[in-house]
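Enquirer: Got a predicted model here, sequence first, then my questions.
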Amino acid sequence: MKTNLLPGPLDHTFTAPIGVDVKGELWSCVEMPGSAEFFGTKKAIRVDATIDGIELSNIGLMVTGKGGHMLSLSAKLRKQLGKDFGDKVTINLARRLT
């Protein structure tokens, strides 16, 4: 049984650009490739993660409406990262909480 299907430790890293098209609007989110298969669900989940080395606890991965998951990046976090729409960030998922 894949351990990433249940709450517990993870070590999964991916790099993706900031900006997800949601019904014609660009949202300041990063989409995780293959997330529904990785997590075994198309429902929202919560994780601990780092984004370009900045630790974030208990953050939500929202559903995209296309069967995947996306992580929202606030303007404050984007400023802290020195990144904006179109820039790539590296995300490491450390723990699945739900």
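Expert: Structure received. Numbering: from 1, shown residues only.

Enquirer: Give me the residue ranges of the chain where confidence is low.
Expert: 1 (pLDDT under 70).

Enquirer: any chance you could map the strands in the chain?
Expert: For the chain, the strands defined by DSSP state E cover 8-17, 20-22, 25-27, 29-32, 45-51, 54-63, 69-72, 88-96.

Enquirer: could these go into JSON lines alongside distance to Leu81?
Expert: C-betas here are computed from N, CA, C, even on glycine. Formatted as JSON lines, these follow (distance: least, C-beta to C-beta, whole Å):
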{"stretch": "strand 8-17", "distance to Leu81": "13"}
{"stretch": "strand 20-22", "distance to Leu81": "16"}
{"stretch": "strand 25-27", "distance to Leu81": "16"}
{"stretch": "strand 29-32", "distance to Leu81": "11"}
{"stretch": "strand 45-51", "distance to Leu81": "7"}
{"stretch": "strand 54-63", "distance to Leu81": "7"}
{"stretch": "strand 69-72", "distance to Leu81": "13"}
{"stretch": "strand 88-96", "distance to Leu81": "7"}
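
Enquirer: Return the residues in contact with the residue nearest the centre of the chain.
Expert: Centroid check for the chain by C-alpha atoms, centre = their mean gives Leu71 as the closest residue, at 3.6 Å. Listed by C-beta atoms under 8 Å, 6 or more residues apart in numbering, the contact set of Leu71 reads Cys29, Val30, Met32, Ala49, Ile51, Ile59, Gly60, Leu61, Met62, Ile91.
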